[in-house]
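Structural data only, the sequence is not supplied:
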């Protein structure tokens, strides 16, 4: 059975020992300990064994198997089932953000986290918890907080990266670039924002319920910590909304700048057209085959007319330059 | 009387026997059994007979006759009346989605499902229910869940198909296609999304009420199952909203790309215009009929001037190429 | 006193007799009867007499005199005052929908309906009520339902007409028409939708209150009927919203199609411009007055150059055709 | 002390006598009378004296001094402080609407109205109140109603004027005017609508609270009157929203009409360009200096070619005319 | 330890004496005094010492250290933690507004304000409080009001500056400027509005809770003051929303004006093109080499044709002028 990442029993705020899945029952039989297991993309066998060990509900286990859930909090009797979307900066070209999922089962005496898709390991969370025994002593409820806090904290660098992209887009737009690439970058940014919003927005409700929750799982004094996460989530959500609004305005600014630019190109073309058309007309006039055109017989005719042409073109050029058409 | 698809009596989680409409009264007289009847586009006679058999309310029966209802949940005394919109991928060109309707009457001892328009038969649901006697034993409330779950599960492939279409549209837009077809595809996709939203959005309220419902029809432990549907519906709804937002952005991106493209075409036209106009001007000049034009009498005049024309054109070409106009 | 359309006393679900305004007091003195009066665009005298007869509130009567109210439900002690906007398909060119108003005063023993503007007579409602004595026996509350149901049912053909117009607009837009008329039709449709929304949206609240209402006027078993109207209103409202959204998308599609079309026209113009400009240039070259132009003295010069011109034009034509510019 | 417009004591529904500010204390000492004072743009001294006389709260008085408040209702102990925005049709060019402010202090025994900026005098309200002693007897609460009703009634002609402007804009847009002025008129109308909305929208909440208010200031039977204002405010608000929506559509229609028009101009230009370019090309061809061009030596050459030119132009003209380009 | 700006003990509405951080414990031991400390960008050491002195909660202190919080109000037992965003007009080119943060810890016997980023010192607030002992006697709750009032009052000049910018933008847009700069100014203004909204909007909830708050920290009679701030915040918020809506309309007006202008430029170009093309065609005709062109041999030929050219151009010019193309 592949998929177990880390499993340990905790007592009094300290790690008692690493355990295997088969030892879970032993730990649960000792009332002063709790189990914390982390698994990654488990196969069905493992998940079913964990289901038996902890008595998890069928519907929750099916969710954890299938993944592709939206962030949510569900109560099954005394225990909680929490789904989070994890986000990471992606390295590949097109998309900036890669999303994964974490499913957390929390009972009075156990925490089980199931990771799907791209996401950072929670060993860092575990280390951090083990280094603060006074908090870890609060039990599974605190571990839930630690994991959620970790996940939410990882949204911030993404928000920053998207803000950077928006800034760079602004520069490109108002710096005079009108290529097709800009529209595509705007669209990609929008897509990333919509994806992130999808991960973050449902967390507002989840955190809100955890703050108000009336169960022994979340100790009274841990609620302030969930309120802290709630606050972060609200902030991220607000930032996303602001960026979406600015992006919409940027898109519209882009559109009007393209039109302004079109106007300018049209004026340029018109100006150059005139500068060429006027001497062409003059040339046409002196190309007429009238016998009695005094100028054509005069020695000074040719140079004077050419000078006239140049003068006309220069005059037009200056005039258009002044009018801002060139 | 046409329209009956399937009718059976159930007892203790197992099918007791297939029955005909006239036997309903017999079954209802045995307190340990319940009837599950499925009919498709029934004529009024059949529906009226079923109304008498189950004591259905006039208004609900009229809804089931006329169809074209929106999804809803109504209570008539002890029994429930549920309207669902079923969705299927359509095979024909224009529209991607075909919608049908299912009306479900649920009482303490019966389930009656009435199908209208294109929809998959519910024999699969029946088979699935019969294979899990422990759940089917919960009675008509569970059958309602099974049908709703089945209907909602059928939305997912449609959502996927619409997402594929959006992806393919993105590619077409940013890949440089600007044909009229794109606007039409955007509009069709929007229409499908609006139609699907119309089917799904009212279900949120329906499921929500079923989860909280305080009647004996929905056994306490079945609520978790309705919560599961609720969760799916929320997710589908959210996906539709996200797609609508992305589609709007795609539409705007399309518009600005058309303008960008227009700019490019204009520049191209202008550049080629200049490349042709300049030698035309030169030709005009040497077409003038002045007697004293030294070049015209020189042997080298013609080849030099033609070379000048070519040179001017090439110079312009290079210049425009560098400026990105060509 | 002009304006009375129809007045009758009802007892036990049947019409007792037609009455005149002056006989109202007689009817009201018999506890088993109720009065149902319909008036159309009454003058103030008539309305004041009715006010005295039924004891109507001043503010409600002033509303009924002035018309131009929004749909609403107001309680004055034991009696209700309901304002509805009636809608009819208009025959004249510009607008598709003509709106009227109906004000209904309902007391424990009377129903008074006041019609303003274009609307269908309620004699049909009266006939329908009189043909179902079992329902009419429920009294004025049921008459209120019958009138509201009648008014709401008349919205459906309008909704259908607007949907037809939207379909026809879609066809025109994607069928390649870009005339000014389309923008005007889109605007007119929007205007009709906004007008209809204005008639329908407030009815949601009105019906909702009638369903929940805790007065003897609406008998307990009549609430299901108002819930039925409520359901229709919700459906109409939703359809309007969907059409508005599609219309917005159609408008944007129209805009981008105009731009696409502009692009095409520009390319066509450019292509034809080139097809003409190139032979013009060639002609210009051979119009130059150099003495030593061997071609001009050759017998084959003229036909060869003209062939060259034609060849250049044909080559350009083929090329532009292939590039999709023509 | 400037600013007093009108001050009087009322008893039993009738004006007792005109008073000066210094007599207020006398009136308040007689339990059967109440004071109604109207002041316009008072200086601080006057307002401070009135504050002492009526015991007004500091914060409310500061609001009344500074003006630029939004419409609101505040309770200070037993008394009310109401802020209204008055609106008038302005005579000057740019803006259609001029806004003023009225601050009303209402206590059990006094009403004090403070007017700022452009607004109609309330002497008309006073006259109307004095002519209906039965209502005026209800006391300061009824006076508050009378003033609010007066202010709200003055919104209607403005709404009508804005609707006229919208109609006239529609005509201009669909009548084929595309001048810069239209965009400016659209913007000005939007600005007026936003301003009016700002005056009206907060009144919904104000009226709503007055209807539900549980104080002796507003007698039970006066609530129906405030409900009437509430109804008007809702209606005005709804009309503003509808106009905003139509205006947005008009703006978009305008934009697409401009594009349509641009298309047409481009086609016209292209058509005329072709009509001129083709004979120019023909002229160019016969301007070539080939010795052996049989046509140039023929007597019929010139007239035939000129006829050809004219024919080509006419043919093109007819063709473009049919294609709708001209 | 850097960062302390000002620290003093207050008793009975008057400043008792300036104190240092180490003296806080002394002051807190005297039940009739309270401490008011202001620090600016404190280092961690100072903040930790203050945490110990006042018993602040870990999470709040971490917020105060990290800054970048959104405005909020949190309760920690008996004490409050308030975060405000301060705003100032910036002097540098790009952005109009610079934002800072103030974190306020309020307990029954202390007020601690922590400033981050650009913001005005609160010594002015302190001076104002010390000059009204009757209010300062109300204790820390009133100091909280004074600081919030000060922060909110500083939003008004910013709102005014943004309104001025909007006015100036309107003038530029409708005055006929179509440069790229306008789009950029619109975007910058939008960005400022979004930033300000972000500072102000959460304050609505904060103030609302302070008005309703049921703790001894905010004395009953101070709630009216917080209601005053609430009112200001609502007003600022509404102004921002209105400006955003007008800005959107301005952006759209700008877009349509650019299109109108493009139309005009195109017409101008077309008109001038015709004015040049027609004499060019005439010149081309008389440049044809037909032997039998009577005009070319006539003495009057040349002047007449040139006159014809001029006449054609003038005729076209007049015509286009009248049609409004020039």
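Sure thing, it's come through. Model, not experiment: these values are computed from the prediction.

okay, now residue A:156: neighbour count?
Residues near residue A:156, counting by other CB atoms under 10 Å in any protein chain shown, number 14. Quick note: C-beta positions are derived from backbone N, CA and C, even for glycine.

same question but for residue A:74, I mixed them up
Residue A:74 has 18 neighbouring residues, counting by other CB under 10 Å.

Now do the SS call for it.
The three-state assignment at residue A:74 reads strand, by DSSP: H, G, I helix; E, B strand; the rest coil.

what's the closest non-adjacent residue to it?
Once flanking residues are discounted, residue A:74 sits nearest to residue A:81: 4.5 Å by CB to CB, 6 or more residues apart in numbering or on different chains.

go on, residue A:24?
Once flanking residues are discounted, residue A:24 sits nearest to residue A:53: 4.4 Å by CB to CB, 6+ apart.

what comes up buried for the helix or strand harbouring that neighbour?
For residue A:53, the element it lies in under DSSP states H and E is helix A:44-54. Counting neighbours by 16 or more other CB atoms under 10 Å in any protein chain shown, one finds that the buried residues in helix A:44-54 are A:46-47, A:50-51, A:53-54.

Which one of these is nearest to chain D?
Closest approach to chain D among these (CB to the nearest CB): residue A:54, at 51.3 Å.

Now the closest one: closest residue in space, sequence neighbours ignored.
Distance criterion CB to CB, 6+ apart; nearest residue to residue A:54, sequence neighbours excluded, is residue A:110 at 5.4 Å.

what does residue A:173 give?
Nearest one to residue A:173, counting by CB to CB, 6+ apart, is residue A:254 at 5.1 Å.

cool, residue A:40 as well?
Nearest one to residue A:40, counting by CB to CB, 6+ apart, is residue A:115 at 4.5 Å.

The host helix or strand of that neighbour pairs with which strands, and in what direction?
Here residue A:115 is covered by strand A:110-116, with elements defined by DSSP H and E. In its sheet, strand A:110-116 lies beside strand A:33-40 (parallel), strand A:97-107 (antiparallel), with partners assigned from DSSP bridges.

Generate CSV for these, with mean pLDDT as supplementary columns.
Formatted as CSV, the strands paired with strand A:110-116 follow (pLDDT from 0 to 100):
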stretch, mean pLDDT
strand A:33-40, 91
strand A:97-107, 91
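
is it possible to export those strands to a markdown table including mean neighbour count and distance to residue E:212?
Below are those laid out as a markdown table (neighbours: other CB atoms under 10 Å in any protein chain shown; distance: least, CB to CB, whole Å):
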| stretch | mean neighbour count | distance to residue E:212 |
| --- | --- | --- |
| strand A:33-40 | 22 | 40 |
| strand A:97-107 | 22 | 34 |
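
Could you export these to a markdown table, including columns for distance to residue A:258?
Shown next, in a markdown table, are these (distance: least, CB to CB, whole Å):
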| stretch | distance to residue A:258 |
| --- | --- |
| strand A:33-40 | 47 |
| strand A:97-107 | 28 |
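
Relative to residue A:3, which of the ones you listed is closest?
In terms of CB to CB, the element of those nearest to residue A:3 is strand A:33-40, at 4.6 Å.

residues in contact with that closest one?
A:3-11, A:16, A:19, A:21, A:24, A:27-28, A:46-47, A:50, A:108-116, A:121-123, A:126, A:139-140, A:143 (CB atoms under 8 Å, 6 or more residues apart in numbering or on different chains).

just how off-centre is it within its chain?
Averaging C-alpha positions (CA atoms, centre = their mean, to the nearest Å) puts strand A:33-40 30 Å from its chain's average.

Okay, angle between it and helix A:44-54 too, please.
Between the axis of strand A:33-40 and that of helix A:44-54 there is an angle of 160 degrees, by axes from the mean of the first three to the mean of the last three CA atoms, to 10 degrees.

Who are the packing partners of the next helix or strand after the helix holding residue A:53?
Once helix A:44-54 ends, the next helix or strand along the chain (criterion: DSSP H and E) is helix A:58-66. In terms of contacts (3 or more CB pairs under 8 Å, 6 or more residues apart in numbering or on different chains; DSSP states H and E), helix A:58-66 is packed against helix A:44-54, strand A:79-89, strand A:97-107, helix B:223-286.

Now distance to residue A:175 too, for those, in a markdown table please.
Below are the helices and strands packed on helix A:58-66 laid out as a markdown table (distance: least, CB to CB, whole Å):
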| stretch | distance to residue A:175 |
| --- | --- |
| helix A:44-54 | 53 |
| strand A:79-89 | 25 |
| strand A:97-107 | 26 |
| helix B:223-286 | 16 |
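
who wins for proximity to residue D:221 among those?
helix B:223-286 (47.3 Å).

interface residues of the stretch 201-326 of chain A facing chain B?
Neighbours of chain B within the stretch 201-326 of chain A, by CB under 8 Å from any CB of the partner chain: A:251-252, A:254-255, A:258-259, A:261-262, A:265-266, A:268-269, A:272-273, A:276-277, A:279-280, A:283-284, A:286-289, A:293, A:295-299, A:301-302, A:305-306, A:309.

what's the distance between the residue nearest to residue A:74 and residue A:107?
Counting by CB to CB, to the nearest Å, the gap between residue A:81 and residue A:107 amounts to 10 Å.

Could you give the number of residues near the closest residue in space to residue A:269 that isn't next to it in sequence?
Nearest residue to residue A:269, sequence neighbours excluded (CB to CB, 6+ apart): residue B:270, at 4.1 Å. Residue B:270: 21 surrounding residues under other CB under 10 Å.

OK, now which residue of chain A is nearest to chain E?
Nearest to chain E in chain A, going by CB to the nearest CB, is residue A:284, at a distance of 3.3 Å.

Closest residue of the stretch 51-200 of chain A to chain C?
When scored by CB to the nearest CB, the stretch 51-200 of chain A has residue A:183 as its residue closest to chain C, at 12.9 Å.

wait, I meant chain A
For chain A, CB to the nearest CB, closest residue to chain C: residue A:287, 6.8 Å.

In contact with that residue, which residues?
Applying CB under 8 Å, 6+ apart to residue A:287 gives the contacts B:284, B:287-289, C:287, D:287, E:283-284, E:287.

about what we covered before: residues touching the strand holding residue A:115, excluding its own?
With contacts defined as CB under 8 Å, 6+ apart, strand A:110-116 is touched by A:5, A:24, A:28, A:34-42, A:47, A:50, A:54, A:56, A:64, A:67, A:86, A:100-106, A:121-122, A:140, A:143-144, A:147.

The same query, at a cut-off of 7 Å, please.
By CB atoms under 7 Å, 6 or more residues apart in numbering or on different chains, the residues outside strand A:110-116 that reach it are A:34-42, A:50, A:54, A:64, A:67, A:100-105, A:122, A:140, A:143-144, A:147.
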